[in-house]
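**Q** sequence first, predicted model second:
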Amino acid sequence: MHLLTLVLGSSNQGKLRELRALLADLPVQVLSAREVLGEDPSIAETGSTFAENAILKARAVCRATRLISISDDSGLEVAALGGRPGVRSARFAHERATDAENNAELLKELENVDPAERSACFRCVLALASPYSDRIQTVEGSCSGSIARAPRGSGGFGYDPLFLVDDQSGRSMAELTEDEKNQISHRSIAVRRLKPVVVELVRQLLEGAGRALSSRPPTGA
């Protein structure tokens with residue numbers, strides 16, 4: 001039973017699948033903005049940080065749908081590249097780059113970098129905006145690892161085939177099962193930190209419904 005609807009401010013189907021799986025134990029349904037609006041909203045990601053972009057997208061989708069919105073802004077930070085691709089992770093090769101093109105561009109830039117210097121971090125910021133409040137809640141999660149010299153595995157999306165996860169026996173994120181990934185990924189950590197906020201929203205909704213029922217006059221009065 002779904003008591004609360006959340007709209008994801010992203011057209012990325014991989015993120016939508018992961019968020020639905022990570023929130024499956026709560027009485028909420030997660031919809032894409034396209035499912036609510038009939039099209040993907042056009043939002044310019046002009047922020048210089050993940051947090052700025054997540055807030056920008058959450059606020060825009062909340063205003064457009066008049067529903068509680070969760071927005072994800074996440075990406076890969078590579079130490080040898082000074083933190084790039086960072087907020088431009090989805091557009092690293094060019095503005096309309098595919099995952100394969102971004103991975104190829106990353107390998108090209110790291111071609112002459114030694115294995116010991118290929119450390120990296122996946123970072124995710126989630127922002128939650130509500131039409132009933134001016135406050136936007138944000139949480140962050142990160143996952144450390146390094147960049148492989150060639151893609152490995154067929155799971156996940158984005159840079160997962162190149163990201164070797166620390167403490168996972170040299171496996172890439174794309175070689176993990178969905179359950180394994182959802183235990184250690186940057187997004188799963190961020191979602192766990194956001195869950196108390198969502199639980200509180202559900203509690204408030206139930207309390208409001210309870211008050212409304214109790215205020216009704218008795219049948220036949």
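**A** Ah, there it is. Numbers count the residues shown, from 1 in each chain.

**Q** make it CA atoms for all contacts and neighbour counts henceforth
**A** OK.

**Q** report how many residues lie close to residue 73.
**A** 27 (other Cα atoms under 10 Å).

**Q** what residues does the host helix or strand of it touch?
**A** Assigned by DSSP states H and E, residue 73 falls within strand 68-78. Strand 68-78 has contacts (Cα atoms under 8 Å, 6 or more residues apart in numbering) with 5-10, 50-51, 53-55, 57-59, 61-62, 83-90, 118-131, 159.

**Q** report the separation between the most centrally placed residue in the chain and residue 116.
**A** A centroid search over the chain (Cα atoms, centre = their mean) returns residue 72, at 3.6 Å, as the residue closest to the centre. Distance of residue 72 to residue 116, computed by Cα to Cα, to the nearest Å: 30 Å.

**Q** and the next helix or strand past the strand holding residue 73?
**A** Next element after strand 68-78 (DSSP H and E): helix 99-109.

**Q** residues in contact with that following helix: which ones?
**A** Outside helix 99-109, the residues touching it (Cα under 8 Å, 6+ apart) are 89-93, 149-150, 157-159, 162.

**Q** return the set of buried residues in that helix.
**A** By neighbour count on 16 or more other Cα atoms under 10 Å, the buried set for helix 99-109 is 99, 101-107.

**Q** after it, next one along is what?
**A** Heading C-terminal from helix 99-109 (DSSP H and E), you reach strand 119-129.

**Q** other residues contacting that following strand?
**A** 50-51, 54-55, 58-59, 62, 68-80, 135-147, 163, 185-187, 190-191, 194.

**Q** what pairs with it, parallel or antiparallel?
**A** Take DSSP bridges as the rule and strand 119-129 pairs in its sheet with strand 68-78 (antiparallel), strand 136-147 (antiparallel).

**Q** deepest in the core, which of the ones you listed is it.
**A** strand 68-78 (a mean of 26; mean count of other Cα atoms under 10 Å).

**Q** dump that strand to CSV, keeping only the CA atoms.
**A** Below are the C-alpha coordinates for strand 68-78, written out as CSV (Å, rounded to 0.1, in the frame of the first residue of the first chain):
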residue,chain,number,x,y,z
ILE,A,68,7.2,15.9,-2.9
SER,A,69,10.3,15.6,-5.1
ILE,A,70,13.5,13.8,-4.6
SER,A,71,16.4,14.8,-6.8
ASP,A,72,19.7,13.0,-7.2
ASP,A,73,22.9,14.7,-8.4
SER,A,74,25.8,12.4,-8.4
GLY,A,75,29.0,11.6,-10.2
LEU,A,76,32.6,10.4,-10.2
GLU,A,77,35.5,12.3,-8.7
VAL,A,78,39.0,11.2,-9.8
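
**Q** report the longest helix in the chain, please.
**A** Ranked by residue count and defined by DSSP state H, the top helix of the chain is helix 186-214.

**Q** give me the buried positions along that one.
**A** 186-194, 198, 201-202.

**Q** quick one on the thing from earlier: separation between the nearest residue to the residue nearest to the centre of the chain once chain neighbours are set aside and residue 102?
**A** With sequence-adjacent residues excluded and distances taken as Cα to Cα, 6 or more residues apart in numbering, residue 72 is closest to residue 126, at 4.7 Å. Applying Cα to Cα, the value for residue 126 to residue 102 is 23 Å.

**Q** quickly list what the residue nearest to residue 72 is bridged to.
**A** Under the criterion used (DSSP bridges), residue 126 bridges to residue 72, residue 139.
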